[in-house]
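In: Could you work out the structure for the sequence below:
(chains A, B and C)
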Amino acid sequence: MPSGIVSLLTDFGTKDPFVGVMKAVMLARHPRLSIVDLAHGVGAQDVAEGAFWLERCFRWFPAETVHLAVVDPGVGSARAAVAVSARGHLFVGPDNGLLALVAADGEVRTLDLAALGVGAPGATFHGRDVFAPAAAELAAGKPFAEIGPATRLAVAAPLAPPELAPPELRGAVVSIDRFGNAITNIGAELLPPGAMVRVGAAALPIVRTYSDLDPGQLGALVGSFDTLELAIRDGDAASALGLRRGSPVVLIGR
Amino acid sequence: MPSGIVSLLTDFGTKDPFVGVMKAVMLARHPRLSIVDLAHGVGAQDVAEGAFWLERCFRWFPAETVHLAVVDPGVGSARAAVAVSARGHLFVGPDNGLLALVAADGEVRTLDLAALGVGAPGATFHGRDVFAPAAAELAAGKPFAEIGPATRLAVAAPLAPPELAPPELRGAVVSIDRFGNAITNIGAELLPPGAMVRVGAAALPIVRTYSDLDPGQLGALVGSFDTLELAIRDGDAASALGLRRGSPVVLIGR
Amino acid sequence: MPSGIVSLLTDFGTKDPFVGVMKAVMLARHPRLSIVDLAHGVGAQDVAEGAFWLERCFRWFPAETVHLAVVDPGVGSARAAVAVSARGHLFVGPDNGLLALVAADGEVRTLDLAALGVGAPGATFHGRDVFAPAAAELAAGKPFAEIGPATRLAVAAPLAPPELAPPELRGAVVSIDRFGNAITNIGAELLPPGAMVRVGAAALPIVRTYSDLDPGQLGALVGSFDTLELAIRDGDAASALGLRRGSPVVLIGR
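Out: Next up, the predicted model:
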């Protein structure tokens, strides 16, 4: 049974009407859909950050939710437009690595534009012209097998998983949140007791929660999405440490 | 049959609770309405940008959608509050030029505040006190003819259409999107083959899509809303060219 | 009868997926809920600003709306998680002062996590793990008396009400809106005819609406939420006056 729910994850921001028009297209096809913004503040064209958030967040939605993800620097080029059925959810977006982290063991299909009634999409906004129509139809109950022919993803996720180089483990900052916390791709399961975090010249203790830090103290903790996160109590850790998306983070003392 | 859908376009941003309270007012009247954010990042008090986006975007929504638009520097003054029925959609907002681009061949009515149960609106927030009640009633099925007495728009759109000065055509930047693309009011239908774009001292080629540009290269293309747009591959064209809303853009070589 | 409506007020911003995941959790429990963003731009960890907006805005929603408010610098510490029934609405959030302004004469209950099926919440994101489940259940009709045992709020609102020091009245800036208007906690009912406003060395007249000011002129007026607000016609009053949240504002000449 379709969930009737579509989640939206993009790098479009909320200033411009791009997201609103994608919703319009979906409602014009199926007025009763429930459309939920997951986030639109993925770094511009940062496929790695988008892939990370999609994988970390989809599981909180009801089963059979359709996740429409658009971070699409190659729009208008030859990259494929696909849908993925995996882990009880559906995903729609470009085949550029964005869906790669959720697609393991899943089924992938190339979107059949003619069957969607999408004759000649524009060259700049496939979120509206291609992906929104496909997501709307799937959420309204179109069988996955009818969305297009079976295929495989051609492009892997752009960010390598954390690399083990004993006695170190090397990961990276994937996202910097509104508070300046630096969220890494180092999963909680990789953190043995007694580990420390090294960022540039700084060594940070690992604590349980923000409240365990003194005001102004830097530390690392397992964040809300079960990965290591660098924080400063009542402050902006990314600024304090000069971190950006992609900055290396090293786990030591394992 | 009413669509039950209201789109919202404002310059209120999303930081403050202004948009949320407008939605509250509509739901307090009709709890089953479906309310969609078109955009809230129109430049502060920039009626020209709001009018442009409204005209470019309304058509993607289902027929009979009510478009509630509030960019209202004259709130509290004598400017009229109106509703417009045009092109199969309904529009509600101030008569300050914001609705002028969509109102051609349409029917215009002054909002009858007493009939709406809006006795004495405040002087600062007609989005909540006047326009939201009217939009909610129309979306819930109130006949357009009962929204108030027939009138005409008093104020034209603030931005002149592109001016033909052979061999040139002179338009302007209307909006700068999150990626730094500069969106102009020069419609795709005005672009003959072989044209170039001049911005200040720079001459830009016209290409089909972002991917046709080399990294770092400046160019112009028909954007997502069928007007000319200035872009730089993997960069911020508005910053690179020093463009702002209102900056002149010239089409040459026609 | 439950309203089926949840409003959301947080300091999470809209860049990251925190708000989206809270919605996912609610929809996974009750897919037909109507979830409305009140605002997510409360200053980071600014409980005073959150408490102010919650109190000023809740009344515009339909009766029985559940207001989910999360500004939670103490997440992971021992501060309680509560629900409040007051003034015909329901409120869910941390007991840190955020709900204090709306709770007068209300009934307060500690959230019973086991009854909510929330076994061991994480230490960093109770908006998702604790408050969203409680709000969803209340909005779907769970009786308030079953949400947990009766208690009292332990923490008062962080910002003192305006202080009368004749012939002056001393208040503060609570919020600065997108346009740079500085919104104070001085209620309209405290403004006698002939009063002036002093901010630092500047004395500002009190006018009825923005249009009563000349372009570039500073003034004060009763704002959209019935408190005194400092504005400059077509400009940014907070920048012009060097105001921040918490800045003192004095009413003179009473």
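In: For the rest of this, base every contact and every neighbour count on C-alpha atoms.
Out: Fine.
In: which other residues reach stretch A:246-254?
Out: The contact list for stretch A:246-254, computed with CA atoms under 8 Å, 6 or more residues apart in numbering or on different chains, reads A:167-174, A:184, A:192-199.
In: Spatially, what comes nearest to residue A:238 if we skip its sequence neighbours?
Out: Leaving aside its sequence neighbours, residue A:238 sits nearest to residue A:180 (CA to CA, 6 or more residues apart in numbering or on different chains; 5.2 Å).
In: what's the neighbour count on the one you found?
Out: 19 (other CA atoms under 10 Å in any protein chain shown).
In: can you tell me how far the closest residue to residue A:97 other than its chain neighbours sits from residue A:182?
Out: Nearest non-adjacent residue to residue A:97, counting by CA to CA, 6+ apart: residue A:157, 4.2 Å away. Distance of residue A:157 to residue A:182, computed by CA to CA, to the nearest Å: 20 Å.
In: With residue A:198 instead?
Out: 13 Å.
In: related to what we said a few turns ago, who has more neighbours, residue A:157 and residue A:182?
Out: residue A:182 (29 against 18).
In: who are the neighbours in contact with that one?
Out: A:173, A:174, A:175, A:176, A:229, A:230, A:231, A:237, A:238, A:243.
In: Any chance of CSV for the residues you listed, columns neighbour count, secondary structure and distance to residue C:55?
Out: Below are those laid out as CSV (neighbours: other CA atoms under 10 Å in any protein chain shown; DSSP: H, G, I helix; E, B strand; the rest coil; distance: CA to CA, whole Å):
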residue, neighbour count, secondary structure, distance to residue C:55
A:173, 23, strand, 38
A:174, 26, strand, 37
A:175, 28, strand, 33
A:176, 25, strand, 31
A:229, 27, strand, 34
A:230, 28, strand, 34
A:231, 28, strand, 31
A:237, 24, helix, 32
A:238, 22, helix, 33
A:243, 22, coil, 38
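In: Now tabulate the residues you listed in a markdown table and tack on pLDDT.
Out: A markdown table is the format used below for those (pLDDT from 0 to 100):
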| residue | pLDDT |
| --- | --- |
| A:173 | 97 |
| A:174 | 97 |
| A:175 | 97 |
| A:176 | 97 |
| A:229 | 96 |
| A:230 | 97 |
| A:231 | 95 |
| A:237 | 95 |
| A:238 | 96 |
| A:243 | 96 |
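In: now the strands for the stretch 101-250 of chain A?
Out: Using DSSP state E, counting those that start in this stretch, the strands of the stretch 101-250 of chain A run over residues A:107-110, A:150-151, A:163-165, A:168-176, A:182-187, A:196-199, A:202-204, A:206-207, A:218-222, A:227-232, A:248-252.
In: Roughly how far does the residue lying closest to residue A:57 once chain neighbours are set aside sit from chain B?
Out: Excluding its sequence neighbours, the residue lying closest to residue A:57 (CA to CA, 6+ apart) is residue C:21, at 6.6 Å. In this view, residue C:21 and chain B are 18 Å apart by CA to the nearest CA, to the nearest Å.
In: and if you look at residue A:69?
Out: For residue A:69 relative to chain B (CA to the nearest CA), the value is 17 Å.
In: give the contact list for that residue.
Out: Counting by CA under 8 Å, 6+ apart, residue A:69 has contacts A:8, A:9, A:10, A:50, A:54, A:91, A:92, A:93, A:94, A:98, A:99.
In: And for residue A:231?
Out: For residue A:231, the residues meeting the contact criterion (CA under 8 Å, 6+ apart) are A:180, A:181, A:182, A:210, A:218, A:219, A:220, A:221, A:237, A:238.
In: thought the last one was touching residue A:181?
Out: If I follow you right, that is residue A:238. Yes: using CA atoms under 8 Å as the test, residue A:238 is close enough to residue A:181 to be in contact (6.1 Å).
In: what residues do these two have in common as contacts?
Out: Common neighbours of residue A:238 and residue A:181 (CA under 8 Å, 6+ apart) are A:230, A:231.
In: circling back to that earlier point, any idea which of the strands of the stretch 101-250 of chain A scores lowest on pLDDT?
Out: Among the strands of the stretch 101-250 of chain A, strand A:163-165 carries the lowest mean pLDDT, at a mean of 85.
In: Contacts for that one, please.
Out: By CA under 8 Å, 6+ apart, the list of residues contacting strand A:163-165 reads A:169, A:170, A:171.
In: State the number of residues packed around the closest residue to residue A:187 other than its chain neighbours.
Out: With sequence-adjacent residues excluded and distances taken as CA to CA, 6+ apart, residue A:187 is closest to residue A:227, at 4.2 Å. The tally of other residues near residue A:227 (other CA under 10 Å) stands at 18.
In: With residue A:147 instead?
Out: 21.
In: I'd assumed residue A:134 was in contact with it.
Out: Yes: between residue A:147 and residue A:134 there is a contact under CA under 8 Å: 7.4 Å.
In: Could you tell me which residues touch both of those two?
Out: Contacts common to residue A:147 and residue A:134, judged by CA under 8 Å, 6+ apart, are A:111, A:116.
In: which bits of the stretch 101-250 of chain A sit near chain C?
Out: Contacts of the stretch 101-250 of chain A with chain C, taken as CA under 8 Å from any CA of the partner chain, map to A:177, A:178, A:179, A:208, A:209, A:210, A:211, A:223, A:224.
In: Now do the contacts for the fourth one.
Out: Listed by CA under 8 Å, 6+ apart, the contact set of residue A:208 reads A:221, A:222, C:123.
In: sorry, back to before: take the strands of the stretch 101-250 of chain A and write them to a markdown table, including distance to residue A:16.
Out: Compiled in a markdown table, the strands of the stretch 101-250 of chain A are given as follows (distance: least, CA to CA, whole Å):
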| stretch | distance to residue A:16 |
| --- | --- |
| strand A:107-110 | 29 |
| strand A:150-151 | 34 |
| strand A:163-165 | 38 |
| strand A:168-176 | 22 |
| strand A:182-187 | 27 |
| strand A:196-199 | 36 |
| strand A:202-204 | 39 |
| strand A:206-207 | 39 |
| strand A:218-222 | 34 |
| strand A:227-232 | 30 |
| strand A:248-252 | 33 |
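In: what does chain A have sitting close to chain B?
Out: Looking at chain B, the residues of chain A close enough under CA under 8 Å from any CA are A:12-21, A:23-25, A:27-28, A:31, A:44, A:74-77, A:122-125.
In: returning to that earlier point: for the contacts of strand A:163-165, which entry has the maximal number of neighbours?
Out: residue A:171 (23 neighbours).
In: low-confidence ranges in chain A?
Out: The model of chain A has pLDDT under 70 over residues A:254.
In: the helices in it, which residues?
Out: A:18-29, A:47-57, A:126, A:132-139, A:237-241 (DSSP state H).
In: What lies in contact with the longest one?
Out: Under the criterion CA under 8 Å, 6+ apart, residues A:12, A:33, A:35, A:127-128, A:132-133, A:135-137, B:36-39, B:57, B:60-63 lie in contact with helix A:18-29.
In: Relative to residue A:117, how far out is the residue lying closest to residue A:144 once chain neighbours are set aside?
Out: Using CA to CA, 6+ apart and skipping residues adjacent in sequence, the residue nearest residue A:144 is residue A:138, 6.8 Å away. Noted for residue A:138: a distance of 14 Å to residue A:117, by CA to CA.
In: Then residue A:75?
Out: Distance from residue A:75 to residue A:117, by CA to CA: 19 Å.
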